[in-house]
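Undergrad: just need the structure, nothing else, for what follows:
(10 chains)
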Number of protein chains: 10
Amino acid sequence: MLFHVTMDVDIPRDLDPAERTAIVAEEKAYSQDLQEQGKWKHLWRVVGQYSNVSVFDVGSTDELHDLLWGLPLFPYMTVRVTPLCPHPSAIR
Amino acid sequence: MLFHVTMDVDIPRDLDPAERTAIVAEEKAYSQDLQEQGKWKHLWRVVGQYSNVSVFDVGSTDELHDLLWGLPLFPYMTVRVTPLCPHPSAIR
Amino acid sequence: MLFHVTMDVDIPRDLDPAERTAIVAEEKAYSQDLQEQGKWKHLWRVVGQYSNVSVFDVGSTDELHDLLWGLPLFPYMTVRVTPLCPHPSAIR
Amino acid sequence: MLFHVTMDVDIPRDLDPAERTAIVAEEKAYSQDLQEQGKWKHLWRVVGQYSNVSVFDVGSTDELHDLLWGLPLFPYMTVRVTPLCPHPSAIR
Amino acid sequence: MLFHVTMDVDIPRDLDPAERTAIVAEEKAYSQDLQEQGKWKHLWRVVGQYSNVSVFDVGSTDELHDLLWGLPLFPYMTVRVTPLCPHPSAIR
Amino acid sequence: MLFHVTMDVDIPRDLDPAERTAIVAEEKAYSQDLQEQGKWKHLWRVVGQYSNVSVFDVGSTDELHDLLWGLPLFPYMTVRVTPLCPHPSAIR
Amino acid sequence: MLFHVTMDVDIPRDLDPAERTAIVAEEKAYSQDLQEQGKWKHLWRVVGQYSNVSVFDVGSTDELHDLLWGLPLFPYMTVRVTPLCPHPSAIR
Amino acid sequence: MLFHVTMDVDIPRDLDPAERTAIVAEEKAYSQDLQEQGKWKHLWRVVGQYSNVSVFDVGSTDELHDLLWGLPLFPYMTVRVTPLCPHPSAIR
Amino acid sequence: MLFHVTMDVDIPRDLDPAERTAIVAEEKAYSQDLQEQGKWKHLWRVVGQYSNVSVFDVGSTDELHDLLWGLPLFPYMTVRVTPLCPHPSAIR
Amino acid sequence: MLFHVTMDVDIPRDLDPAERTAIVAEEKAYSQDLQEQGKWKHLWRVVGQYSNVSVFDVGSTDELHDLLWGLPLFPYMTVRVTPLCPHPSAIR
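TA: Take a look at the predicted model:
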């Protein structure tokens, strides 16, 4: 089941630099693990913004919430979720 | 080069039904042709709306404009375009 | 799986009165059938508006889209969908 | 009498962690007590957000205000209230 | 129980003038009857707009919805309802 | 001359608690004095918000500005002013 | 007493051209009469828009409403009113 | 003196096709004449929209208003004007 | 050449009180000097807000930018500029 | 390939003044270097705002993102990107 997710990141300026480096690295590992599992199906950067556009493929809304809530950068993100479904004109 | 495109469709109620049927069929053929060429890379329906979320893969902004302007339903659509680029955490 | 859905209805003034009566009756039957199946779990009127707030319980986003797209009043509605999940403080 | 309430939570980053833990626990107890009394009739989490959608069943607008104003997390919440009433198509 | 209600009126230009005159007169009678019953407690015109700001005093949200839904101009209005309660600094 | 005024209050978290208590008490006294003079004609709390809806009855826009500017909580308020006038259907 | 007023004009395309010409001429005469009386104190065109920015000097909100409601183009205008008062740094 | 201007075009569906063709041709000629005079300095299409972004170089705000008001498509446009000035880091 | 300018002032709470007093006094002197030169043609306070509505009369957009950028309170202001021109119905 | 970019700058008040001076100088050098390369094709200041309107001419969306992400003031900017293409009426 597919969900369109946008994430705008705003890390506070006064976050300790070491903590910032660590949390960004954790975010990357977390994201790549979910991508390898096929749950974080697409991940693109929005040009000129510290934001991404993503598509998740999950079994339920609960699972999606758990994945998003667990994002290391979640406390510094604005997240918007839109449910998707197959388009009748899509060839795949 | 990737672009995120959303299209909200609002076909006027007083459009001749035969014309409506024809234009929707043309739209489908037009879309599937571009999908087969690999230019309309992703196409999803937004749940509960006569809208889609798409990703286009084109050689230039001019090409993208020509593809969108040529959509049979373009006169009845609200289109929004957001440029994308690879995300540093993406594995593909 | 739960989804929060709001529907704002705006039936065109020039719709034939008999057609209007028929479509509103069809909407009622359609809605009550889904309520009896347990898929349209909650349905409330918003005070002072031709709008409702609903909660759907469905197996997938595809199923939800089909149910909403099939609403007799769908062509005259603005629909917004928000995915829900259990709240950790909920007792039920 | 039913009211639709949404609550967006934004706990300040610099709140003392012990205070944060305590206030979140108080919020949970406060919420569960009202749920058991039947006043906080529904409580759902919005997927991907530190927000909930709720339905309250209270005797008056004054009572509702007192319940909301007393929420331990109220100082850190954005609250929106929409009055509801029975829908003519609802079967319950 | 008090509710703050705003009503923006937009009567279609092509409404038959006799029907327009009749409906505006019915609206006035309807409003004055509710004012005399004490249910439509305050009614002010917004300067420079075909809009009013009102305060209703009703026994329930259901009663309020019935009163608003029954307004002769309801099909041509945008209505917004905000629940009120006594202010701790109010002297009356 | 009547003016509709809304006030949203947002007292900074780091205000000294004694100062906060004092300023809230001053606000109450200031408000009640104006109510007794008949200038602050109506004052209601918005349910679920640290906001009020008020109606002022003043001799001029200058007088209204002076009254609002002098509110002890003014530095922590967002204020919106809408001029009102008698409604042709009002019975009082 | 001064009020800042903006007026956006949107005359329907299907208005009879003679009626349009007449109503625009009436609007001009109406406006110039109020300007000569000193009540419509300032009148400017917004560059690139069928809109004006105005300042009215009237004795009361009721008088202002009557003046605006009486504008020949009022049915085709969106009007916004903001009360003004002397600025402490103004030299006049 | 430079002004940033955006124009969104929305030609009514029921405009006579010959009139539509004529007015679009007049718009093109009008625009190209101003470009040749150096007054309409830049003109770009927004990708995926019947809109343009332009920069005008004119002697006064009055002149700019006259140029925009005279656009053959002006009745079907939404125009927004933003004044520009040289940027201290610009090399030209 | 006339420009409509609105300025919303938001001086940070933690600004040193002496600095605040000084900067407000400088702002007043700066404003009055420009008013005396005829460049800051109108200056009004918006009722109930720490905001003003102004009209500037300047020779160019560059001059206007320099005047605004030089405002002592500029770092604490939100400024919006709208170009004006003579209205065809204005008598002056 | 052209992109319209707006940048709103908001440097935090508590940034060390020397750091502020340095970063603004770096921004200028960075910008001028890109202008000389022909990639930052136009750069204008918005009157009355710490904002610019720019047009970039780049080979791809990736290149544009890298240029914007590398702006010394990027952490303090709000950036919006709109893809452009040639306008059929443009003479150049």
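Undergrad: get me the contact residues on chain A for chain D.
TA: For chain A, the contact set with chain D under C-beta under 8 Å from any C-beta of the partner chain comprises A:3, A:5, A:12, A:61, A:64, A:65, A:68, A:69, A:75, A:79, A:80, A:81. C-beta here means a position set from N, CA and C on the backbone, and glycine is covered the same way.
Undergrad: mind picking the two most distant members of the residues you listed?
TA: The most widely separated members of those, counting by C-beta to C-beta, are A:12 and A:61 (29.4 Å).
Undergrad: of the two, who's got more company?
TA: Neighbour count, other C-beta atoms under 10 Å in any protein chain shown: between residue A:12 and residue A:61, residue A:61 has more, with 26 against 10.
Undergrad: in a helix, that's where residue A:35 is, yeah?
TA: Yes: under DSSP: H, G, I helix; E, B strand; the rest coil, residue A:35 sits within a helix.
Undergrad: could you report the neighbour count for it?
TA: Neighbour tally, residue A:35, other C-beta under 10 Å: 18.
Undergrad: got the contact list for it?
TA: Contact analysis of residue A:35 by C-beta atoms under 8 Å, 6 or more residues apart in numbering or on different chains lists A:41, A:43, B:90, B:91, B:92.
Undergrad: do that again at 7 Å, thanks
TA: For residue A:35, the contact set (C-beta atoms under 7 Å, 6 or more residues apart in numbering or on different chains) comprises A:43, B:91.
Undergrad: for it, give its distance to chain C.
TA: Going from residue A:35 to chain C by C-beta to the nearest C-beta, to the nearest Å gives 21 Å.
Undergrad: all helices of chain A, in order?
TA: A:17-36, A:61-69 (DSSP state H).
Undergrad: buried deepest among these, which one?
TA: Scoring the helices of chain A by mean neighbour count under mean count of other C-beta atoms under 10 Å in any protein chain shown gives helix A:61-69 as the most buried, with a mean of 19.
Undergrad: rebuild the helices of chain A as CSV, extending it with mean pLDDT.
TA: Shown next, in CSV, are the helices of chain A (pLDDT from 0 to 100):
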stretch, mean pLDDT
helix A:17-36, 98
helix A:61-69, 98
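Undergrad: JSON lines for these, including distance to residue F:19?
TA: Listed next are the helices of chain A as JSON lines, based on distance: least, C-beta to C-beta, whole Å:
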{"stretch": "helix A:17-36", "distance to residue F:19": "33"}
{"stretch": "helix A:61-69", "distance to residue F:19": "37"}
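Undergrad: how much space separates the closest residue to residue A:9 other than its chain neighbours from residue E:65?
TA: Nearest residue to residue A:9 in three dimensions, chain neighbours excluded: residue A:50, at 4.6 Å (C-beta to C-beta, 6 or more residues apart in numbering or on different chains). Residue A:50 is 45 Å from residue E:65, where distance means C-beta to C-beta, to the nearest Å.
Undergrad: and the longest strand seen in chain A with chain J, contact?
TA: If you go by DSSP state E, chain A has its longest strand at strand A:77-86. No: residues of strand A:77-86 are not located near chain J by C-beta under 7 Å from any C-beta of the partner chain, the shortest gap being 13.4 Å.
Undergrad: packing partners of that strand?
TA: If you count contacts as 3 or more C-beta pairs under 7 Å, 6 or more residues apart in numbering or on different chains; DSSP states H and E, strand A:77-86 packs onto strand A:2-9, strand B:40-46, helix C:61-69, strand C:77-86.
Undergrad: what's the burial count for the closest residue to residue A:52 other than its chain neighbours?
TA: Nearest non-adjacent residue to residue A:52, counting by C-beta to C-beta, 6+ apart: residue A:7, 5.2 Å away. A count of nearby residues for residue A:7, using other C-beta under 10 Å, gives 22.
Undergrad: and the closest residue to chain F within chain A, how far from chain J?
TA: Chain A approaches chain F most closely through residue A:14 (15.1 Å), counting by C-beta to the nearest C-beta. Computed as C-beta to the nearest C-beta, the residue A:14 to chain J distance reads 9 Å.
Undergrad: check what pLDDT that residue gets.
TA: On pLDDT, residue A:14 comes in at 93.
Undergrad: what sits closest to the residue of chain A at minimum distance from chain H if chain neighbours are left out?
TA: When scored by C-beta to the nearest C-beta, chain A has residue A:47 as its residue closest to chain H, at 12.8 Å. Nearest residue to residue A:47 in three dimensions, chain neighbours excluded: residue B:83, at 4.1 Å (C-beta to C-beta, 6+ apart).
Undergrad: likewise residue A:45?
TA: residue B:87 (4.4 Å).
Undergrad: before we move on, the earlier item: residues touching the residue of chain A closest to chain F, list them.
TA: By C-beta under 7 Å, 6+ apart, residue A:14 has no neighbours at all.
Undergrad: phi, psi for it please.
TA: phi -90, psi 10 (degrees, to the nearest 10).
Undergrad: and the gap between it and residue J:14?
TA: 9 Å.
Undergrad: one more: residue A:75?
TA: Distance, residue A:75 to residue J:14, using C-beta to C-beta: 22 Å.
Undergrad: what sits against the closest residue to residue A:28 other than its chain neighbours?
TA: Once flanking residues are discounted, residue A:28 sits nearest to residue B:89: 4.5 Å by C-beta to C-beta, 6+ apart. For residue B:89, the contact set (C-beta under 7 Å, 6+ apart) comprises A:28, A:31, A:32, A:43.
Undergrad: my guess is residue A:79 contacts residue A:5. True?
TA: Yes: using C-beta atoms under 7 Å, residue A:79 makes contact with residue A:5 at a distance of 6.5 Å.
Undergrad: what touches both of those two?
TA: residue D:48.
Undergrad: these two: who's more crowded?
TA: Applying other C-beta under 10 Å to residue A:79 and residue A:5 shows that residue A:5 carries more neighbours, namely 21 against 18.
Undergrad: name whatever forms a beta bridge with that one.
TA: Beta-bridge partners of residue A:5, counted by DSSP bridges, are residue A:54, residue A:81.
Undergrad: where's the residue in chain A positioned nearest to chain G relative to residue J:64, distance?
TA: Closest residue of chain A to chain G, C-beta to the nearest C-beta: residue A:48 (27.5 Å). Residue A:48 sits 7 Å away from residue J:64, going by C-beta to C-beta.
Undergrad: over to residue A:59?
TA: 37 Å.
Undergrad: burial of residue A:41, as a residue count?
TA: Residues within reach of residue A:41, counting by other C-beta under 10 Å, total 16.
Undergrad: could you do the one 10 residues further on as well?
TA: Residues contacting residue A:51 under the criterion other C-beta under 10 Å number 18.
Undergrad: same question for the one 4 residues further on.
TA: Summarising burial for residue A:55: neighbours were counted as other C-beta under 10 Å, giving 19.
Undergrad: with residue I:19 as the reference, measure out to the spatially closest residue to it that is not a sequence neighbour.
TA: Leaving aside its chain neighbours, residue A:55 sits nearest to residue A:42 (4.1 Å; criterion: C-beta to C-beta, 6+ apart). Using C-beta to C-beta, one obtains 51 Å as the distance from residue A:42 to residue I:19.
Undergrad: try residue A:86
TA: Distance from residue A:86 to residue I:19, by C-beta to C-beta: 61 Å.
Undergrad: same question for residue A:47.
TA: Taken as C-beta to C-beta, the span from residue A:47 to residue I:19 is 40 Å.
Undergrad: spit out the contact partners of residue A:7.
TA: By C-beta under 7 Å, 6+ apart, the neighbours of residue A:7 are A:51, A:52, A:54, A:77, A:79.
Undergrad: so which of those is the closest to residue E:24?
TA: Nearest member of the contacts of residue A:7 to residue E:24, counting by C-beta to C-beta, is residue A:79, at 48.1 Å.
Undergrad: now do that closest one against chain I, distance only.
TA: Counting by C-beta to the nearest C-beta, the separation of residue A:79 from chain I is 28 Å.
Undergrad: please name the nearest non-neighbouring residue to that residue.
TA: residue D:48 (4.2 Å).
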